[in-house]
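Engineer: Here is my input, please return the structure:
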Amino acid sequence: MTASRRLAAILAADVAGYSRLIGTDEGGTLERLKALRRELLDPKLAEHRGRLVKTTGDGLLVEFASVVDALRCAVEMQREMTGRNDGIPPDNRIEFRIGINMGDIVVEDGDIFGDGVNVAARLEALAEPGGICVAARVQEDAAGRLDLAFEDIGEQQLKNIARPVRAYRVATSARGAITRHDADPPLPDKPSIAVLPFQNMSADPEQEYFADGMVEEITTAIARLPWLFVIGRNSSFTYKGKAVDVREVSRELGVRYVLEGSVRKAANRVRITGQLIDTATGAHIWADRFDGSLDDIFELQDQVASRVIGAIEPKLRQSEIERANRKPTESLDAYDLYLRALAECSKPARQDWYAAIGLLGQALRLDPSYAPAAGLIGYVRREQNVAGVQLSHEEIAEALHLARHALAMGRDDPDALRLAGPTLAVLGGELAAAMSALDRAITLNPNSAQAWRESGVVNCFANRPDAAIAAAQHAMRLSPLDPLGHNFKWVLGFGLMLAGRYQEAMEWVDRSLHDLPEHHPAIRGKVALCGYLGRAEEARQWIGRLTEDNPARTIASFKAYASKYQVPETIAVWVEGFRKAGLPEQ
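Structural biologist: Now for the predicted structure:
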């Protein structure tokens, strides 16, 4: 049959979370989809004169002669789906994403091709579950003819489409106004990747920490390459234990690629599997399996990291990939203890900190040169100090000794550097040494959200607000869903307060307290900012919060505490805010 061209409105739709639904209940999901096709989709397409071009397992492609018909059909479908999903748990709902474009298409043997079709498919990927995303031409043709609200989400660079495409989200009365979430960042201008938690395939569930440790090491190896944008481990781990749709991960984290896999450990053998997914297309662009003995575990990690990088940018493989062939320790038992300590550090209770210190002490007895273990002990001591734990002189001296030891032994280890540097700042008042360590950590691993956050903290201590603000913002972009995000928000608020931008600072301090209401540094910031903003009554309430566990907290006690690690200019900003708020002098 001869190919022909015509102008058409193209509707592309797919089921959000289809793989998750199939994995949970394949038979039931397929039956529900058949019923939807019979009871809803086919009748709506016929009513609005749409021609079903083809279906896939989780989607459909439809041609309309009119933009108005296409949009009416899409809106009615989504409204009816909202009603059908009432009372169904969110994880079990069938929700469609819909994209609509108006453009020139090629018709051959009943199928349709061309940029007009490709743009519709890319717009569908931008839509939220239950939502509709359209091209600018669709919005222009429908404006004034349909009672719909459109949200301009700007020009989008769509995959394999040469020109940027301005896109709009559609608000229906059933869904209400659709707004763009702050947590959905744009794609960066270089290859971007998130390494999701690997599944523990070992027979022993207690080996979960080992699988998590593998992911952390692989993430670190990948993140050392400055031409890659790598999401922080903490944000990636918010998906642990969940069935995920990689396109949702892409939108929420702002990445192009997702790496997922599994780890199986048995006796002295380990198997790591991995697959790299292009979230724009859902295509698996690389998959591999690595088998070896525990004696070769670091080489296995390097193999996974190197092959992932090669799959993303093959042309840069030889010129820009310098594999990190370092072994963090010759003692696998010490490494195992370090992984266990990392797992303890992620827990909120203070007793878990002491458990971590005990494990790290065992690791250092096995390998006294193990820099990350030494650095992590100092980090835990510093966190105890910030949380109000009274450390003995011996504990502070030990933490500082281990921090210096970590810096000496881990000169080329970004984790050791970013753990040890701030310990020197807070417990030893050595701001210059801390900043030097953090600068080197960021040079070695520019994708470490925690190193950028620590850089923001030390810059605040040194009264460099512009550098602190930039560092905190970059940390949040690298790890937008971080469970420790309250720290990022607090540092940004601290920097903004030093810059005299008190209202903005208050907004970020409030966000930090929303995430962790008992976060002591943020409570302290809240008091000072209430003073600067003239909120006398609110200041009294927060002074009560600040002093409830220690009535001796005064301006004098703060100056004595802070003078150990903050420059006089920074302390002066605190003191003025405290005085305006009404905190007692003595």
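Engineer: Just the C-alphas of stretch 445-460, formatted as CSV.
Structural biologist: Output in CSV follows, covering the C-alpha atoms of stretch 445-460 (Å, rounded to 0.1, in the frame of the first residue of the first chain):
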residue,chain,number,x,y,z
ASN,A,445,33.8,12.8,43.9
PRO,A,446,31.9,15.8,42.6
ASN,A,447,28.6,13.9,43.0
SER,A,448,28.8,13.4,46.8
ALA,A,449,25.8,15.2,48.1
GLN,A,450,27.1,14.7,51.7
ALA,A,451,30.4,16.4,50.8
TRP,A,452,28.6,19.4,49.3
ARG,A,453,26.4,19.6,52.4
GLU,A,454,29.4,19.5,54.7
SER,A,455,31.1,22.2,52.6
GLY,A,456,28.0,24.4,53.1
VAL,A,457,28.3,23.8,56.9
VAL,A,458,31.9,24.7,57.1
ASN,A,459,31.4,27.8,54.9
CYS,A,460,28.7,28.9,57.3
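Engineer: What residue spans form the domains of the chain?
Structural biologist: For the chain, automatic domain parsing gives the domain ranges 4-171, 192-320, 329-446, 465-586.
Engineer: quick one: the shortest one to chain centroid distance?
Structural biologist: This means domain 329-446. 24 Å (CA atoms, centre = their mean, to the nearest Å).
Engineer: would you say M214 is within a helix?
Structural biologist: Yes. Under DSSP: H, G, I helix; E, B strand; the rest coil, M214 falls within a helix.
Engineer: how about the domains of the chain in CSV, adding mean pLDDT, mean neighbour count and distance to P186?
Structural biologist: All C-beta spots, glycine's among them, are computed from the backbone N, C-alpha and C. Formatted as CSV, the domains of the chain follow (pLDDT from 0 to 100; neighbours: other CB atoms under 10 Å; distance: least, CB to CB, whole Å):
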stretch, mean pLDDT, mean neighbour count, distance to P186
domain 4-171, 86, 18, 9
domain 192-320, 73, 19, 6
domain 329-446, 81, 20, 19
domain 465-586, 90, 19, 10
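Engineer: So what would you say the end-to-end distance of stretch 561-572 is?
Structural biologist: 13 Å (CA to CA, to the nearest Å).
Engineer: Identify all contacting residues around it.
Structural biologist: For stretch 561-572, contacts defined as CB atoms under 8 Å, 6 or more residues apart in numbering pick out 425-429, 431, 460-463, 498, 559, 574.
Engineer: coming back round to it: can I get the domains of the chain in JSON lines including distance to E454?
Structural biologist: Output for the domains of the chain, formatted as JSON lines (distance: least, CB to CB, whole Å):
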{"stretch": "domain 4-171", "distance to E454": "33"}
{"stretch": "domain 192-320", "distance to E454": "13"}
{"stretch": "domain 329-446", "distance to E454": "5"}
{"stretch": "domain 465-586", "distance to E454": "8"}
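Engineer: Determine which of those approaches R453 most closely.
Structural biologist: domain 465-586 (4.2 Å; CB to CB).
Engineer: how far does that closest one sit from the chain's center?
Structural biologist: That offset, for domain 465-586, works out to 25 Å (CA atoms, centre = their mean).
Engineer: Going forward, the N-terminal residue is numbered 15.
Structural biologist: Okay, residue one is now 15; in that scheme the one you just asked about reads as domain 479-600.
Engineer: where's T43 relative to A485, distance?
Structural biologist: 46 Å (CB to CB, to the nearest Å).
Engineer: same thing with A553?
Structural biologist: 29 Å.
Engineer: One more: S307?
Structural biologist: From S307 over to A485 (counting by CB to CB), the distance is 41 Å.
Engineer: Do a quick rundown of the strands in the protein.
Structural biologist: 18-29, 65-69, 73-78, 110-122, 125-127, 146-149, 163-170, 179-185, 206-209, 213-214, 243-244, 271-280, 283-292, 297-307 (DSSP state E).
Engineer: which residues are in contact with the third one?
Structural biologist: It stands for strand 73-78. Contacts for strand 73-78 (CB under 8 Å, 6+ apart): 22-29, 55, 59, 62-69, 84, 87, 119, 126, 131, 134-135, 138.
Engineer: Now with 6 Å, please.
Structural biologist: Strand 73-78 is contacted from outside by 22-23, 25-28, 64-68, 84, 126, using CB atoms under 6 Å, 6 or more residues apart in numbering.
Engineer: Which single one of these is nearest to I36?
Structural biologist: Nearest to I36 among the contacts of strand 73-78, with distances taken as CB to CB, is D28, at 12.9 Å.
Engineer: CA atoms only for stretch 111-123, dumped as PDB, please.
Structural biologist: C-alpha atoms of stretch 111-123 as PDB (Å, rounded to 0.1, in the frame of the first residue of the first chain):
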ATOM      1  CA  ARG A 111      -0.700   8.700  31.400                       C
ATOM      2  CA  ILE A 112      -1.800  10.400  28.200                       C
ATOM      3  CA  GLY A 113       0.100  12.600  25.700                       C
ATOM      4  CA  ILE A 114      -1.500  14.500  22.800                       C
ATOM      5  CA  ASN A 115       0.100  16.200  19.900                       C
ATOM      6  CA  MET A 116      -1.100  17.700  16.600                       C
ATOM      7  CA  GLY A 117       1.200  17.200  13.700                       C
ATOM      8  CA  ASP A 118       2.000  15.700  10.300                       C
ATOM      9  CA  ILE A 119       1.900  11.900  10.100                       C
ATOM     10  CA  VAL A 120       2.800   9.200   7.600                       C
ATOM     11  CA  VAL A 121       0.100   6.600   7.100                       C
ATOM     12  CA  GLU A 122       1.000   3.200   5.800                       C
ATOM     13  CA  ASP A 123      -0.800  -0.100   6.000                       C
END
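Engineer: Can you name the residues in contact with it?
Structural biologist: Contacts of stretch 111-123 (CB under 6 Å, 6+ apart): 15, 17-19, 21-28, 30, 81, 84, 88, 126-128, 130-131, 133-134, 137-138, 141, 146-149, 151-152.
Engineer: if I look at V131, how far off is T437?
Structural biologist: 57 Å.
Engineer: same check, this time on R247
Structural biologist: Following CB to CB, the distance that separates R247 from T437 is 20 Å.
Engineer: Same check on A420?
Structural biologist: 8 Å.
Engineer: With P211 instead?
Structural biologist: Applying CB to CB to P211 and T437 gives a distance of 28 Å.
Engineer: so what's the closest residue to L506 other than its chain neighbours up against?
Structural biologist: Nearest in space to L506, with sequence neighbours left out and distances taken as CB to CB, 6 or more residues apart in numbering, is A486 at 3.9 Å. Counting by CB under 6 Å, 6+ apart, A486 touches G470, F502, V505, L506.
Engineer: Rebuild these as a markdown table, extending it with distance to L50.
Structural biologist: Output for the contacts of A486, formatted as a markdown table (distance: CB to CB, whole Å):
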| residue | distance to L50 |
| --- | --- |
| G470 | 49 |
| F502 | 42 |
| V505 | 48 |
| L506 | 45 |
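Engineer: Just the ones in helices from these, please.
Structural biologist: Judged by DSSP state H, helices contain the following of those: G470, F502, V505, L506.
Engineer: quick one: which of these is nearest to P598?
Structural biologist: V505 (27.1 Å).
Engineer: Surely that closest one touches V472?
Structural biologist: No. Counting by CB atoms under 6 Å, V505 stays clear of V472, with 9.9 Å between them.
Engineer: picking that back up, from the contacts of A486, pick the one nearest L290.
Structural biologist: Nearest member of the contacts of A486 to L290, counting by CB to CB, is F502, at 27.6 Å.
Engineer: just checking, the closest one touches A489?
Structural biologist: Yes. Using CB under 6 Å, F502 is in contact with A489, at 5.0 Å.
Engineer: Now for those two: what residues contact both?
Structural biologist: R467.
Engineer: re the thing from before, the residue nearest to L506 and G470: what is the separation?
Structural biologist: For A486 relative to G470 (CB to CB), the value is 4 Å.
Engineer: quick one: common contacting residues for the two?
Structural biologist: V505.
Engineer: if we can go back for a sec, need the contacts of stretch 575-586 in JSON lines (columns: distance to A430).
Structural biologist: Listed next are the contacts of stretch 575-586 as JSON lines, based on distance: CB to CB, whole Å:
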{"residue": "A439", "distance to A430": "15"}
{"residue": "V440", "distance to A430": "17"}
{"residue": "L441", "distance to A430": "16"}
{"residue": "G442", "distance to A430": "17"}
{"residue": "G443", "distance to A430": "21"}
{"residue": "L445", "distance to A430": "19"}
{"residue": "C474", "distance to A430": "23"}
{"residue": "F475", "distance to A430": "21"}
{"residue": "A476", "distance to A430": "22"}
{"residue": "N477", "distance to A430": "27"}
{"residue": "L512", "distance to A430": "29"}
{"residue": "K573", "distance to A430": "33"}
{"residue": "W588", "distance to A430": "31"}
